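K.L.:
I need the structure of the sequence given here:
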Amino acid sequence: MKILLAVDDSPVSLRAAGQVIALAGELKSPPEVHVLYVHPPIPVDFATRHVGKEALDAYYRDEGEDVLKAAVAQLQAAGLDVVRHLHVGHPADVVVKLADELECDYVCLGRHGRGVVADLILGSVATRVLQRSAVPVLLVG
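P.N.:
Numbering: from 1, shown residues only. Sure, this is the predicted structure:
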């Protein structure tokens with residue numbers, strides 16, 4: 001079984017990691033867990049006027065590793081092997097695409113709970129993943 005856990009720097013991501021651990025405990029063999037952080041793109045024209053591409057790539061990598069750190073540590077402490085993924089793009093699009101590419105059985109992610117009105121106006125990554133995913137989505141609040 002393969003599970004894609006999409007995280008950000010919020011406490012709800014750690015709760016989502018906890019749900020992956022709980023699900024893993026119910027399985028006969030440990031799942032293959034992929035942990036993903038998607039950094040929203042910084043407009044390239046703006047960024048390259050102020051910093052070089054190498055510096056921008058380093059920024060994405062360093063920030064992404066910082067975000068992954070807590071969830072990965074929690075999963076590893078529970079005895080799960082983890083594959084890290086760092087991407088730049090629109091989070092919902094990347095989550096759905098990577099889950100498909102990896103042939104995941106489940107996607108797990110947190111919902112921030114801005115509220116119904118904010119989600120209607122702004123949309124949400126969780127809502128877009130639910131709408132587009134070909135596999136079951138475990139949404140943690």
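K.L.:
could I get the full set of helices for this structure?
P.N.:
Using DSSP state H, the helices found in the chain span residues 11-25, 44-50, 53-77, 91-101, 116-122, 125-132.
K.L.:
which one of the ones you listed has the most crowded surroundings?
P.N.:
helix 91-101 (a mean of 19; mean count of other C-beta atoms under 10 Å). Backbone N, C-alpha and C define where each C-beta goes, glycine included.
K.L.:
relative to the whole chain's centre, how far out is that helix?
P.N.:
With C-alpha atoms, centre = their mean, to the nearest Å as the basis, helix 91-101 stands 9 Å off its chain's centre.
K.L.:
please apply the same query to stretch 98-113.
P.N.:
The answer for stretch 98-113 is 7 Å, by C-alpha atoms, centre = their mean.
K.L.:
show me which positions of it end up buried.
P.N.:
Residues of stretch 98-113 classed as buried by neighbour count (16 or more other C-beta atoms under 10 Å): 98, 99, 102, 104, 106, 107, 108, 109, 110, 111, 112.
K.L.:
okay, now the unreliable bits of the chain?
P.N.:
For the chain, applying pLDDT under 70 flags the ranges 44-50, 112-123.
K.L.:
quick one: which of the buried residues of stretch 98-113 is nearest residue 69?
P.N.:
Within the buried residues of stretch 98-113, proximity to residue 69 (C-beta to C-beta) peaks at residue 110, which comes in at 16.2 Å.
K.L.:
please name the bridge partners of that closest one.
P.N.:
Assessed by DSSP bridges, residue 110 has beta-bridge partners residue 140.
K.L.:
let me see the contact set for it.
P.N.:
7, 8, 10, 12, 13, 15, 16, 126, 139, 140, 141 (C-beta atoms under 8 Å, 6 or more residues apart in numbering).
K.L.:
redo the residues you listed as a markdown table? Include distance to residue 24.
P.N.:
Below are the contacts of residue 110 laid out as a markdown table (distance: C-beta to C-beta, whole Å):
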| residue | distance to residue 24 |
| --- | --- |
| 7 | 16 |
| 8 | 21 |
| 10 | 22 |
| 12 | 19 |
| 13 | 17 |
| 15 | 15 |
| 16 | 13 |
| 126 | 21 |
| 139 | 18 |
| 140 | 15 |
| 141 | 20 |
